[in-house]
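K.L.:
fold the stuff below for me.
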Amino acid sequence: MGSVDVPSAAKNQVLNGLTESILGSLTQTATKAGGIEQLKNLLTGKTEAASSPVTALATNIFSKNILGSLGLGEGTNSALTGLIPVVIGQMGGILKDQDGDGDVDFNDILATLGIGGGGAGSIIGSAAKSILGSLFGKK
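P.N.:
Below you'll find the predicted structure:
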C-alpha cells in the first residue's frame, strides 16, 4: 500500500470515523431483515468484504458523516474510503462460538460485536490502527 497524506490534526478524526462508521454499519445491518445472516457470512469469511453490503453501508456513513466535514480533497477521500473493505476484511474469520453452545449464532455475533459488553470497537480500532499506521507512516 502507498501512503495517504492526512494532516496530523485530522488523523484521530479519521481513525475514530472509520471505527464508528464500520461499527454503525454492523449494528444497522444486524437490525435489518436478513442482516444477521449477512453479518455471519462476513465475520466468518464466507463473504468477501469488498462485495459486502455491510462494507458499502460503512463507506456511505464514513463519506457522509466524516469525510464531508474534513475537506481533505477527492484523492485523499478516495484513498481513505478504500481502507474500509481492508479493515472489514481484517475482521473476516473473527466470528467463532463465543458462548460455548457448539454453534455460531446470533448470541455469538452480539458477543463478537461487543453488544452487551465486549469489544467490537477495539477489534475494529485495532485493525484500523494497524492499516492506518502503515499508510500514514509513523513519524
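
K.L.:
show me where this protein has its helices.
P.N.:
8-31, 35-43, 53-62, 68-70, 74-81, 83-91, 106-113, 120-136 (DSSP state H).

K.L.:
pLDDT averaged over the fifth one - what is it?
P.N.:
If you average the pLDDT over helix 74-81, you get 90.

K.L.:
packing partners for it?
P.N.:
Contact here means 3 or more C-beta pairs under 8 Å, 6 or more residues apart in numbering; DSSP states H and E; on that basis helix 74-81 packs against helix 53-62. Glycine gets a C-beta too; all of them are placed from N, C-alpha and C.

K.L.:
measure how the helix it packs on sits relative to helix 8-31, angle-wise.
P.N.:
Here the directions of helix 53-62 and helix 8-31 differ by 140 degrees (axes from the mean of the first three to the mean of the last three C-alpha atoms, to 10 degrees).

K.L.:
related to what we said a few turns ago, least confident of the helices of the chain, on average?
P.N.:
Lowest mean pLDDT of the helices of the chain: helix 120-136, a mean of 60.

K.L.:
out of the helices of the chain, which comes closest to residue 100?
P.N.:
Each of the helices of the chain has some distance to residue 100 by C-beta to C-beta; the shortest is helix 106-113, at 9.6 Å.

K.L.:
give me the neighbour count for residue 55.
P.N.:
The burial count assigned to residue 55 is 22, neighbours taken as other C-beta atoms under 10 Å.

K.L.:
can you start the count at 53 instead of 1 from here on
P.N.:
Done: numbering now begins at 53, and the last item shifts to residue 107.

K.L.:
so who does it touch?
P.N.:
By C-beta atoms under 8 Å, 6 or more residues apart in numbering, the contact list for residue 107 reads 77, 101, 136-137, 140.

K.L.:
how about residue 94?
P.N.:
101, 104, 106, 140, 143-144 are the contacts of residue 94 under C-beta under 8 Å, 6+ apart.

K.L.:
between the contacts of residue 107, which is nearest residue 59?
P.N.:
Among the contacts of residue 107, residue 136 lies closest to residue 59 (C-beta to C-beta), at 20.1 Å.

K.L.:
now do that closest one against residue 62, distance only.
P.N.:
17 Å (C-beta to C-beta, to the nearest Å).
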